[in-house]
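Student: 3D, please:
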Amino acid sequence: MFTLFLIRHAKSSWDNFALSDKQRPLNSRGKKDASLMGQILSIKNEIASFIISSPAKRAFNTAKKIAKETGYHFKNIKKEKKLYLAEYNDFINIIKSFDDSHKNVFLISHNNGITNLANRISSTRIDNIPTCGIVKINFEINTWKEIKDNTGNIEYFIFPKMFKKSLIA
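Tutor: Here you go, the predicted model:
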């Protein structure tokens, strides 16, 4: 079985309008949410064999925080320029290029593309993956090259607000 974790980058800062879109960092909430979701993945014993991220600062910083919490060395995170504002075919081509030795992949990117991807490769409908939302999709396939529409089964869909309420109470 192959497992793909689709992760939308955490909340970004709009404090400095002089920065390009790719250079926008995480804001304080985004930093906390990325660490929280990394901790949730760690509690669930979700270990990545490979992490690939958009090169946008907010996405890569999300990847680094999640990697830290799950024990993945940040130097092994691959930046993939095609994940920046990727569309369906970009995602599919990237996924099909994964080495089959990587059974659990964390892919960090942007909306609307990441929500559209989740909906197309699974049979479940998600209206929107919020910032730092994670969709775990399992595939009964023999190679990443077999990825196509409706081949995945969503095991869970989680996002930061689900856990903050329980932590406050």
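
Student: what comes up buried for stretch 129-137?
Tutor: For stretch 129-137, the neighbour count (16 or more other Cβ atoms under 10 Å) marks Ile129, Pro130, Thr131, Cys132, Gly133, Ile134, Val135, Lys136, Ile137 as buried. All C-beta spots, glycine's among them, are computed from the backbone N, C-alpha and C.

Student: quick one: which two of these are the most distant?
Tutor: Thr131 and Ile137 (18.9 Å; Cβ to Cβ).

Student: Now do Leu85 against Thr151, distance only.
Tutor: Distance check for Leu85 against Thr151: by Cβ to Cβ, to the nearest Å, it reads 24 Å.

Student: Tell me where the model's unsure across this structure.
Tutor: Counting by pLDDT under 70, the chain shows low-confidence ranges at 165-169.

Student: Regarding it, what is its longest helix?
Tutor: helix 28-43 (DSSP state H).

Student: and it, C-alpha only, in PDB?
Tutor: What follows is helix 28-43 as a C-alpha-only set of coordinates in PDB (Å, rounded to 0.1, in the frame of the first residue of the first chain):
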ATOM      1  CA  SER A  28       2.500  33.400  14.200                       C
ATOM      2  CA  ARG A  29      -0.700  31.300  13.900                       C
ATOM      3  CA  GLY A  30       0.800  29.500  10.900                       C
ATOM      4  CA  LYS A  31       3.900  28.600  12.900                       C
ATOM      5  CA  LYS A  32       1.800  27.200  15.800                       C
ATOM      6  CA  ASP A  33      -0.500  25.300  13.500                       C
ATOM      7  CA  ALA A  34       2.300  23.700  11.600                       C
ATOM      8  CA  SER A  35       3.900  22.500  14.800                       C
ATOM      9  CA  LEU A  36       0.500  21.300  16.200                       C
ATOM     10  CA  MET A  37      -0.300  19.300  13.100                       C
ATOM     11  CA  GLY A  38       3.200  17.800  13.100                       C
ATOM     12  CA  GLN A  39       2.600  16.800  16.700                       C
ATOM     13  CA  ILE A  40      -0.800  15.300  15.700                       C
ATOM     14  CA  LEU A  41       0.900  13.300  13.000                       C
ATOM     15  CA  SER A  42       3.600  12.100  15.400                       C
ATOM     16  CA  ILE A  43       0.900  11.000  17.900                       C
END
